[in-house]
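Participant: sequence first, predicted coordinates after that:
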Amino acid sequence: MSYYLNYEGGRLDFSLPSSWNVLTCQDCSTVSVVEDVEKEIARALDNPIGSPLLEELAKPGMDVVVLFDDNQRPTPAHIAFPHILNRLNKAGIPDERISGVCALGTHPPLSLEQLEKKVGREAFRRLQGRISNHDPRSKENILVGRTNKGTMVEVNRLVAQADLVIGIGECMPHPYSGFGGGCKIIMPGVSSYRAVADHHYTWMRNRNSKLNLLEGNPFYEDLAEAGRLSRLSFKLDFIMNEKHEVIRAFAGDPVAEHRKASEYAATLYMIPLARRPDVVITSAAPLEIGVNATKALLNASFAVRMGGTIIWVASQKNAGPIMPLIEQIATRESANEYHHRLLRGDVPDHLKGFGISFIMMVVIFKELSEKFTVIHVTEALTKEQVEMMNFTYSSNLDEAVSATFAKMPLADVAIFPSGGASIPDIR
């Protein structure tokens, strides 16, 4: 029987040894998108989950901050912004009392042109001079408290001083917080660099900080509490497909709407497994560019048994952004040693310009090489570069399968044709 992976806009066909037992080769569901995004936004805002209407939360005289994610997310903030502004106006809050902050976390700031494109011309004009990037290193970030777990909550000054905080974002599977969206617009979105480091470096290797888990996930629970401490009152989250089209929108209380959005997202991406396979064969699709290609590898790691093999297929034709990551993975330090280095604040100078989520990948990749055999099938990376990551290089999938079969003539196998969007669910 032949199988396939989604690859570079097409399909990569391959076959497996007859002695291998395939547990799943299920692809992610194809879901219809909304025909009218404007109507979908209005529907979500008219039916808030766990919250009064936005117009009822807003009161005349309030100072309001609307948070929106950066251009590393496809969220249609340009469509959503006018809806939110109009409803605030209806509640008696003029545009002059509303500010917009790009919740970029520790990512690079957007240019004015990028900000205008993200929020749209109408919102950029109506909020002229009051649209800004969050600066995680600003001395004006304000400490508003600590979570019950002890994590510092230090946020953007405008957020700390606002009477009403609203967010626009996207809900999608996330390897540590279970799902993106919700209160992530606060932590890391508008949190200080040291607060994000405190949170991320503390919880990133907890066994319950993982894909498709909210309840009992310390990474998620801590950031949700940070959202409450920062008084995030209302959130609009979109669920998008790989073509950046809207599948559905959810709005309301940031925790309640996010839970419903996450439950819905799980139905789109869940791949049930009867047990942990010996081998996972995964494609980076639909997230094949740069650092995004690593998501499929992380997702596969939640499925394969300890000591098993992951065959990770990603062309890496746009691998430039991950080269500093590869160089750090090549250092002799173990995952534990590098993790403690980050906790001490000992970050190499040439990495300090990168986001914290990027830097923490050094620890995660080191740990993956310590726990599993990873065979990287890639066109653009060299054998030397792959081996710097402590992975095994292969130029094609058939070669990788043959090498694995030679070591494991009998094996349970899981195939994730779209590994970047798959949620393994061990039943």
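Facilitator: Yep, that arrived. Numbering: from 1, shown residues only.

Participant: contacts and neighbour counts: CA atoms only from here.
Facilitator: OK.

Participant: so which residues make contact with the helix-or-strand element of the chain with minimal mean pLDDT?
Facilitator: Ranked by mean pLDDT, DSSP states H and E, the helix or strand of the chain with the weakest confidence is helix 323-329, at a mean of 84. For helix 323-329, contacts defined as CA atoms under 8 Å, 6 or more residues apart in numbering pick out 351, 358-359, 361-363, 365-366, 385, 388-390.

Participant: quick one: which of the residues you listed is nearest Arg126?
Facilitator: Here the nearest of the contacts of helix 323-329 to Arg126, counting by CA to CA, is Phe358; it sits at 34.5 Å.

Participant: contacting residues around His107?
Facilitator: 354-355.

Participant: then Thr282?
Facilitator: 5, 296-297, 300, 310-313, 415-419 are the contacts of Thr282 under CA under 8 Å, 6+ apart.

Participant: measure Tyr193 to Lys352 for me?
Facilitator: The spacing between Tyr193 and Lys352, counted by CA to CA, to the nearest Å, is 11 Å.

Participant: those two: who's more crowded?
Facilitator: Tyr193 (20 against 11; other CA atoms under 10 Å).

Participant: who are the contact partners of that one?
Facilitator: By CA under 8 Å, 6+ apart, the residues touching Tyr193 are 105-106, 136-137.

Participant: restrict those residues to the buried ones and give me that as a ChimeraX selection.
Facilitator: Selecting only the buried entries of the contacts of Tyr193 in ChimeraX, with 16 or more other CA atoms under 10 Å as the criterion:
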select :105,106,136
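
Participant: would you turn the contacts of Tyr193 into TSV with distance to Ser230, pLDDT and secondary structure?
Facilitator: Formatted as TSV, those follow (distance: CA to CA, whole Å; pLDDT from 0 to 100; DSSP: H, G, I helix; E, B strand; the rest coil):
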residue	distance to Ser230	pLDDT	secondary structure
Gly105	15	93	coil
Thr106	18	90	coil
Pro136	15	96	coil
Arg137	18	95	coil
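
Participant: just the contacts of Tyr193 now: which is nearest Thr404?
Facilitator: Nearest member of the contacts of Tyr193 to Thr404, counting by CA to CA, is Thr106, at 39.1 Å.

Participant: give the closest residue to that closest one in space, chain neighbours not counted.
Facilitator: Spatial nearest neighbour of Thr106, excluding adjacent residues (CA to CA, 6 or more residues apart in numbering): Gly355 at 4.6 Å.

Participant: burial check on the one you found, number of neighbours?
Facilitator: 17.

Participant: that one contacts Pro109, doesn't it?
Facilitator: No: contact criterion CA atoms under 8 Å: Gly355 and Pro109 do not qualify, at 11.0 Å.

Participant: so what's the closest residue in space to Phe179 that isn't next to it in sequence up against?
Facilitator: Leaving aside its chain neighbours, Phe179 sits nearest to Pro173 (4.3 Å; criterion: CA to CA, 6+ apart). For Pro173, the contacting residues are 179-180, 211-212, 262, 265-266, 421, 423, by CA under 8 Å, 6+ apart.

Participant: return the per-residue confidence for Pro173.
Facilitator: Looking at Pro173, its pLDDT stands at 88.

Participant: for Pro108, same thing?
Facilitator: If you check Pro108, the pLDDT there is 88.

Participant: would you confirm that Leu85 contacts Gly92?
Facilitator: No: with contact defined as CA under 8 Å, Leu85 and Gly92 do not form a contacting pair (10.8 Å).

Participant: from the contacts of Pro173, which land in strands?
Facilitator: 179, 423 (DSSP state E).

Participant: re earlier: pick out whichever of Leu85 and Gly92 has more residues nearby.
Facilitator: Taking other CA under 10 Å, Leu85 and Gly92 do not tie; Leu85 has more neighbours (19 against 15).

Participant: so the more buried one is in which element?
Facilitator: helix 77-90 (DSSP states H and E).

Participant: and that helix, what does it pack against?
Facilitator: If you count contacts as 3 or more CA pairs under 8 Å, 6 or more residues apart in numbering; DSSP states H and E, helix 77-90 packs onto helix 37-46, helix 54-57, helix 112-119, helix 121-126, strand 164-170.

Participant: would you turn these into a markdown table with distance to Phe219, mean neighbour count and mean pLDDT?
Facilitator: Output for the helices and strands packed on helix 77-90, formatted as a markdown table (distance: least, CA to CA, whole Å; neighbours: other CA atoms under 10 Å; pLDDT from 0 to 100):
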| stretch | distance to Phe219 | mean neighbour count | mean pLDDT |
| --- | --- | --- | --- |
| helix 37-46 | 27 | 17 | 98 |
| helix 54-57 | 28 | 16 | 97 |
| helix 112-119 | 28 | 18 | 96 |
| helix 121-126 | 33 | 17 | 97 |
| strand 164-170 | 18 | 26 | 97 |
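
Participant: for Val144, which of those is the nearest?
Facilitator: Nearest to Val144, of all the helices and strands packed on helix 77-90, is strand 164-170, at 14.3 Å by CA to CA.

Participant: hey, C-alpha coordinates of the closest one in CSV?
Facilitator: In CSV, the C-alpha atoms belonging to strand 164-170 read as follows (Å, rounded to 0.1, in the frame of the first residue of the first chain):
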residue,chain,number,x,y,z
LEU,A,164,-10.9,48.2,29.6
VAL,A,165,-8.5,45.8,27.8
ILE,A,166,-9.7,44.0,24.7
GLY,A,167,-7.8,41.5,22.5
ILE,A,168,-7.8,40.2,18.9
GLY,A,169,-6.0,37.0,18.2
GLU,A,170,-6.0,33.5,16.8
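
Participant: now do the lengthiest strand in the chain: which elements does it pack against?
Facilitator: Using DSSP E to define each element, the chain has its longest strand at strand 232-240. Under the contact criterion of 3+ CA pairs under 8 Å, 6+ apart, strand 232-240 touches strand 164-170, strand 246-252, helix 254-269.

Participant: who does that strand pair up with?
Facilitator: strand 164-170 (parallel), strand 246-252 (antiparallel) (DSSP bridges).

Participant: and those: which comes nearest Met204?
Facilitator: strand 164-170 (20.9 Å).

Participant: after that closest one, which helix or strand is next? Please name it.
Facilitator: Scanning forward in sequence from strand 164-170 by DSSP H and E, the next helix or strand is strand 173-174.

Participant: mind giving me CSV with the contacts of Tyr193 and columns for distance to Ser394?
Facilitator: CSV is the format used below for these (distance: CA to CA, whole Å):
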residue, distance to Ser394
Gly105, 36
Thr106, 34
Pro136, 40
Arg137, 41
